[in-house]
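*Asks:* Structure of the sequence below:
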Amino acid sequence: MSSDIGSPAPDTQQRSSREKVAFRFCRECSNMLYPHEDRQRSALMYRCRTCHNVESANTYCVFRNNLSSNAGETAGVTTDIGSDPTLPKAVKTCPRCGESESVFFQSQQRTEDTKMSLFYVCISCGCVHH
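*Replies:* Reported below is the predicted structural model:
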């Protein structure tokens with residue numbers, strides 16, 4: 001039942017660096033294949049724990065943990081932020097209601113390409129504007 005022939009490797013030039021790592025399944029019994037080291041050949045293999053079928057790996061990546069941060073620049077802003085006494089106040093007219101007093105804070109996004117942006121929040125309606 002054990003097979004030394006693996007599935008054909010895809011063209012490595014067409015593969016993306018952001019390709020998802022997918023589960024692999026046994027051709028013999030359809031159970032999941034698990035990463036296994038072939039110490040004699042120093043190669044990564046996939047082996048079925050049920051029928052012991054072995055397939056060669058077409059990539060060395062067995063797990064990928066993609067961390068994504070989609071928090072916006074104004075993440076965590078609530079409607080009552082205008083009444084926060086710890087935030088500094090500024091004279092900035094609200095485009096929605098015309099109120100002249102606002103509180104302001106700096107962008108909370110911390111990436112290389114983020115500029116220092118100030119956001120103003122109207123103390124009357126809670127509108128967030130630049």
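
*Asks:* thinking C48 is in contact with S30, fair?
*Replies:* No: checked against CB atoms under 8 Å, the pair C48 and S30 is beyond contact range at 9.2 Å. The way it works is simple: take the backbone N, C-alpha and C, and place the C-beta from them, glycine included.

*Asks:* For these two, work out which one has more neighbours and name it.
*Replies:* C48 (24 against 10; other CB atoms under 10 Å).

*Asks:* for the more buried one, what are its contacts?
*Replies:* For C48, the contact set (CB atoms under 8 Å, 6 or more residues apart in numbering) comprises C26, E28, C29, N31, M32, L33, Y34, V54.

*Asks:* Let me see the contact set for the nearest residue to it once chain neighbours are set aside.
*Replies:* Counting by CB to CB, 6 or more residues apart in numbering, C48 lies nearest to C26, which is 4.0 Å off, once chain neighbours are set aside. Each residue near C26 by CB under 8 Å, 6+ apart is listed here: M32, L33, C48, T50, C51, N53, E55.
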